[in-house]
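S.K.: What shape does this take:
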Amino acid sequence: MNPDINLPLIMLAALIAGMSPGPATLAIAGTSMLSGRKQGLALASGITTGSLMWSISAALGLGALMLTNAWMLETMRYVGACYLLYLAYRAARSAFRRDLALAEDISVASYRTTFGKGLALHLTNPKAILFFGSLFSIGVPANSSPGDLAMVILAVGIQSALMFHFYAVLFSSKPMASAYAKARRWFEGMFAIAFGCAGFKILTTRFG
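M.R.: Numbering: from 1, shown residues only. Down below sits the predicted model:
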């Protein structure tokens, strides 16, 4: 491997970014507590796939291209913000319902549909391409070989997969599910506020 690549530092940066509370973590938590472990794992798999796609794209230079073409980031910003605001609306509507009938359309969703929701959530997050673009432009030298790039992508991808799927297992545990059942409306209200704030922040933040 290129000695100028500080893989431990890259892994640490990716770990901190992944552990930071955000739309992906909120979505995994909500889906796992409401719809169970399998649905949570399906969503986590979609988010992991989105993360891997952004990582590969950044390694191939798409990150730098998007950073130098403001209209691409602006388009993604509006799409991502609208999707987060839609999730906020869904959570708010759920919070105002008195029973669990609202969960029917979520719990019966196919794993493919849930996977697609996770993928869409991560692919429409402009902060993801900003993170991976910065990660590869700063942490990986321009003269790195394809093998070096593949190793970085694989290492970050495995770490992200373990972390997101761990969240799904954690939030689908019996204590978490029990806590959600007892305070469902409060949880949904918090999710609505969090998704709404994230969407509003993306709308009002200027990238680039």
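
S.K.: What's the first helix or strand after the helix or strand of the chain with the lowest mean pLDDT?
M.R.: The least trusted helix or strand in the chain, going by mean pLDDT, DSSP states H and E, turns out to be helix 104-107, with a mean of 46. The C-terminal neighbour of helix 104-107 among helices and strands, as given by DSSP states H and E, is helix 111-123.

S.K.: Quick one: neighbours of Gly189, just the number.
M.R.: The number of residues packed near Gly189 is 16, by other CB atoms under 10 Å. Where you see a C-beta, it was placed from the backbone N, CA and C, and this is true even at glycine.

S.K.: Please apply the same query to Leu84.
M.R.: Counted with other CB under 10 Å, Leu84 comes out at 26.

S.K.: After the helix or strand where Ser178 lies, which helix or strand is next? Please name it.
M.R.: Assigned by DSSP H and E, Ser178 belongs to helix 174-182. The helix or strand immediately downstream of helix 174-182 is helix 184-204, counting by DSSP H and E.

S.K.: Run the angle between that following helix and helix 174-182 for me.
M.R.: Relative orientation of helix 184-204 and helix 174-182, computed by axes from the mean of the first three to the mean of the last three CA atoms, to 10 degrees: 90 degrees.

S.K.: which helices and strands does helix 184-204 pack with?
M.R.: When contacts are defined as 3 or more CB pairs under 8 Å, 6 or more residues apart in numbering; DSSP states H and E, helix 184-204 packs onto helix 23-35, helix 70-95.

S.K.: So for it, mean pLDDT?
M.R.: Mean pLDDT, helix 184-204: 79.

S.K.: Who are the contact partners of the most centrally placed residue in the chain?
M.R.: With distances taken as CA atoms, centre = their mean, the residue of the chain nearest its centroid is Ala24 (3.2 Å). Ala24 makes contacts with 47, 118, 121-122, 125, 164, as judged by CB atoms under 8 Å, 6 or more residues apart in numbering.

S.K.: again, only using 10 Å
M.R.: 18, 43-44, 46-48, 50-51, 118, 121-122, 125, 128, 160, 163-164, 167 (CB atoms under 10 Å, 6 or more residues apart in numbering).

S.K.: One more: Ala198?
M.R.: By CB under 10 Å, 6+ apart, the neighbours of Ala198 are 21-23, 26, 80-81, 84-85, 87-88, 125, 127.

S.K.: Pick the one among the residues you listed closest to Met176.
M.R.: Leu26 (13.7 Å; CB to CB).

S.K.: what about that closest one, distance to Ala150?
M.R.: In this structure, Leu26 and Ala150 are 31 Å apart, going by CB to CB, to the nearest Å.

S.K.: Please identify which of these two sits among more neighbours.
M.R.: Between Leu26 and Ala150, counted using other CB under 10 Å, the more crowded position is Leu26 (19 against 13).

S.K.: Wait, the more buried one touches Ala194, no?
M.R.: Yes: the pair Leu26 / Ala194 is scored as a contact, 5.4 Å apart, by CB atoms under 10 Å.

S.K.: Which residues are in contact with each of these two?
M.R.: 84, 87, 91.

S.K.: Throw the residues you listed into CSV and include pLDDT and distance to Ser145, thanks.
M.R.: Below are these laid out as CSV (pLDDT from 0 to 100; distance: CB to CB, whole Å):
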residue, pLDDT, distance to Ser145
Leu84, 76, 38
Leu87, 77, 40
Ala91, 75, 45
